[in-house]
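S.K.: based on what follows, work out the 3D shape:
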Amino acid sequence: MSNQDIRWRQRQQNFNRTLTLLEGALAIPEPDITQRAGIIQFFEMAFELSWKMLKDYLEGQGFTDLNSPRVVLKKAFEVELITNGRDWLQILQDRNLMSHTYNEATAVTVENLIRHTYYPLLAALRQTMLERDHE
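M.R.: Model prediction:
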């Protein structure tokens, strides 16, 4: 097993654990401000691990010049590791927005996006990568 192969699998484990934490936070039906901040933080962590996992996996497949999350997501979409490329790029934009600014109205909007759009994409990626792990 190559170092690159081991690296993506380690990131996959961390991604899966973080996604489980996000799932637990999303189980809170009406989060208060602190719980909402936790949801957003778990989402940020899961997203960060997702694109890094994809980068490591793609590099293990021989792809190069994957020097930013945007490039990684575009390549992952191109090779069908992810679907809804436009939504993934929106995740990147919202993650960047939330990591630099905290505004309650924006946080509520992002929480709803996480619940209804972004979490399902992350969960689908988990399934795809679990399938790749068993190939």
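
S.K.: so which elements touch the helix or strand bottoming out on mean pLDDT in the chain?
M.R.: Lowest mean confidence among the helices and strands of the chain (mean pLDDT, DSSP states H and E): helix 85-100, at a mean of 83. The contact analysis (3 or more Cβ pairs under 8 Å, 6 or more residues apart in numbering; DSSP states H and E) places helix 85-100 against helix 33-60, helix 69-78, helix 104-113, helix 119-133. C-beta here means a position set from N, CA and C on the backbone, and glycine is covered the same way.

S.K.: got those helices as TSV, with mean pLDDT, mean neighbour count and distance to Asn14 columns?
M.R.: Conversion of the helices and strands packed on helix 85-100 to TSV gives the following (pLDDT from 0 to 100; neighbours: other Cβ atoms under 10 Å; distance: least, Cβ to Cβ, whole Å):
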stretch	mean pLDDT	mean neighbour count	distance to Asn14
helix 33-60	94	20	5
helix 69-78	96	18	16
helix 104-113	87	14	22
helix 119-133	94	16	12
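
S.K.: which of those sits closest to Asn16?
M.R.: Of all these, the one in closest proximity to Asn16, counting by Cβ to Cβ, is helix 119-133 (6.1 Å).

S.K.: now do the closest one against helix 85-100, angle only.
M.R.: Relative orientation of helix 119-133 versus helix 85-100 (axes from the mean of the first three to the mean of the last three Cα atoms, to 10 degrees): 110 degrees.

S.K.: chain neighbours aside, what residue packs nearest to the residue most central in space within the chain?
M.R.: Nearest to the geometric centre of the chain sits Phe47, at 2.6 Å (Cα atoms, centre = their mean). Using Cβ to Cβ, 6 or more residues apart in numbering and skipping the chain neighbours, the partner closest in space to Phe47 is Arg95 (5.1 Å).
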